[in-house]
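A.B. asks: Requesting a structural model of the entry that follows:
(one chain, ligands or ions: 3)
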Amino acid sequence: MSQLIVAKFGGTSVANAQAMDLCATLLEQNPATRVAVLSASSGVTNILVTLANGEQAPESRIALLQQLTKIQKSLLTSLGDPETLTRHIDDILRYIKKLSDSAAISPTKALHDEIVAQGELMSTRIFVELLRQRNIAAHWFDVRKVMRTDDRFAHANPDLATLKAEVEKELLPLCDNQLVITQGFIGAAADGRTTTLGRGGSDFSAALLAEALNASAIQIWTDVPGIYTTDPRLVSDARPIAEISFSEASEMATFGAKVLHPATLQPAVRQHIPVFVGSSKAPEAGGTWIRSRTDNQPLFRALALRRNQVLLTLTNQSMFQVHGFLAEVFGILAKHKISVDLITTSVISVSLTLDCGAELLTEEVKAELSKHCHLQVEQDLALVALIGNRMSEVSGTATQLFKVLEDINIRMICYGASAHNLCFLIPEDTAGEVISRLHHSLLPA
Ligand code: ADP
Ligand code: ASP
Ligand code: MG
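C.D. replies: Ligands and ions are numbered 1, 2, ... in the order given. This is a model prediction of the structure:
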């Protein structure tokens, strides 16, 4: 195949029949797009996650199931309640009810993913019917056939070699003469049990499939016309970026720009696949191209914000000139699968942030760490990242930034490890103000 494009449609793009219709038009207008990867309809995954976590109160479970049914039924009604599909969706809704009742008694990680995955399984079925009614030939494909992962439920890691082999065998031949509609976010462990790749993981799924298919481009269709200089919900002056490098966009995604799942660009970088981000509601507004290289490499490109940060400070008076302390600390964190994000050290202490937030920092982990040092845990922090180019090579970068924030208590700074990023921790309640001031002064229109 000369050109094969993989498109991903996010939750708002498939929220209702009207939104789905716009996606269908985009696919009709882009015959090179042979694979469309869908999220669950907006709001569905949140409901499923609450049910999967074992919502206890039967009345709350009923209310959630009703909400879920309402979203699916309104889609079906817009399509004229097609009989076979309606029966199929009803079966899935009953299945979700049965599994949620089990989760309320004994929630397990495997059950969690089986429940949460149903959102993408439903949206893709409904979208295929919508395409059929518009006379667009489309094949529904269960991505679990090819998206093989480990069994780290809720955060599963794809097995790239198996993915590639299975895609070549199962998926590629289907793309020859029809459009294939499949699920983002979900996969299957070697034993066949359903897994999920982490919240927002559909972007990552699309990129992984594009890599395995040798695609020429990836399109991420969402609710904003591109990647902005900062989250447009935070700063009204934020503006879309026409072209950005993989390095800069990866930093943005890693440091909180929700528009892309943090892992999305890894497969694209490996295969040099350009990525386009645009709005399915306003494709004419254009969008952002993410490429290996860009002509324009401004010193300051964008700002990203990650809330709910946890800062651990581990102090050990005898750490001075003693080896092995850091290895001990990181060993404990690694054993509990907690990944460390930022790190600064002093002679007798080390401060680090965890990219999981507080959720994995259990009493057991704290007790283990406390055996080796004094442990201080600070919460209610936010991480701000300034993203750009050659920032560590240009004098005055930090001055420009910090003079705008003279009255803000900056808790930790990381600068120099990447030329594309300078980041720091601030009290969570100042985050909106900090982003707004920095955008105004460093990224003026
Ligand atoms: P989807 O459901 O399509 O995956 P998401 O909600 O995950 O959409 O991502 C889109 C949202 O990302 C936007 O509505 C916007 O609020 C947010 N966002 C955060 N940072 C940025 C940014 N720098 N540029 C564009 N959008 C951003
Ligand atoms: N539906 C999943 C979520 O809401 C995956 C995605 O939309 O990317 O997290
Ligand atoms: Mg998303």
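A.B. asks: hmm, the helix or strand containing residue 220 in reach of ligand 1?
C.D. replies: Secondary-structure assignment from DSSP states H and E places residue 220 in strand 217-222. Yes. Part of strand 217-222 sits near ligand 1 under the criterion C-beta under 6 Å from any ligand atom, namely residue 222. The C-beta positions use only the backbone N, C-alpha and C, and glycine is treated the same way.
A.B. asks: pLDDT on that strand, on average?
C.D. replies: Along strand 217-222, the predicted local confidence has a mean pLDDT of 98.
A.B. asks: contacts for it?
C.D. replies: With contacts defined as C-beta atoms under 8 Å, 6 or more residues apart in numbering, strand 217-222 is touched by 5-10, 12-13, 23, 26, 30, 33, 203, 206-207, 210, 259-260, 264, 268, 273-280, 283.
A.B. asks: Which among those residues count as buried?
C.D. replies: In the contacts of strand 217-222, burial by neighbour count holds for 5-10, 12-13, 23, 26, 33, 203, 206-207, 210, 259-260, 264, 268, 273-280, 283, counting by 16 or more other C-beta atoms under 10 Å.
A.B. asks: who's in contact with the residue of the chain found nearest ligand 1?
C.D. replies: The nearest approach of the chain to ligand 1 comes at residue 10, 1.8 Å away (C-beta to the nearest ligand atom). If you count contacts by C-beta under 8 Å, 6+ apart, residue 10 has them with 39, 202, 203, 220, 221, 222, 223, 280.
A.B. asks: Give me the pLDDT value at the residue in the stretch 251-400 of the chain positioned nearest to ligand 2.
C.D. replies: Taking C-beta to the nearest ligand atom as the measure, the point where the stretch 251-400 of the chain comes nearest ligand 2 is residue 261, at 6.5 Å. Among the per-residue scores, residue 261 holds a pLDDT of 94.
A.B. asks: Kindly report the same for residue 319.
C.D. replies: Here the pLDDT value assigned to residue 319 is 66.
A.B. asks: Show me where this structure has its helices.
C.D. replies: 17-29, 44-52, 58-78, 83-105, 109-116, 118-133, 160-166, 202-213, 246-254, 265-271, 325-335, 363-370, 397-403, 431-442 (DSSP state H).
A.B. asks: Out of these, which is closest to residue 390?
C.D. replies: Taking C-beta to C-beta as the measure, the helices of the chain were each checked against residue 390, and helix 397-403 came out nearest at 9.0 Å.
A.B. asks: Contact partners for the residue of the stretch 151-300 of the chain found nearest ligand 2?
C.D. replies: Ranking the residues of the stretch 151-300 of the chain by distance to ligand 2 (C-beta to the nearest ligand atom) places residue 202 first, at 3.2 Å. Taking C-beta under 8 Å, 6+ apart, we find residue 202 in contact with 8, 10, 37, 38, 39, 120, 183, 184, 185, 261.
A.B. asks: Redo those as CSV? Include distance to residue 397.
C.D. replies: As requested, the contacts of residue 202 are exported to CSV (distance: C-beta to C-beta, whole Å):
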residue, distance to residue 397
8, 35
10, 34
37, 38
38, 41
39, 37
120, 42
183, 43
184, 37
185, 38
261, 28
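A.B. asks: Of those - the most surrounded one?
C.D. replies: Counting neighbours by other C-beta atoms under 10 Å, residue 38 comes out on top of the contacts of residue 202 with 33 neighbours.
A.B. asks: for that residue, what are its contacts?
C.D. replies: Residue 38 makes contacts with 8, 9, 14, 120, 123, 124, 127, 181, 182, 183, 184, 202, as judged by C-beta under 8 Å, 6+ apart.
A.B. asks: What distance do you get for the residue nearest to the last one when sequence neighbours are not counted to residue 171?
C.D. replies: Setting aside the residues directly before and after it, residue 202 is nearest to residue 184 in space (C-beta to C-beta, 6 or more residues apart in numbering), at 2.5 Å. According to C-beta to C-beta, to the nearest Å, residue 184 and residue 171 sit 14 Å apart.
A.B. asks: likewise residue 141?
C.D. replies: 7 Å.
A.B. asks: Much appreciated, bye for now.
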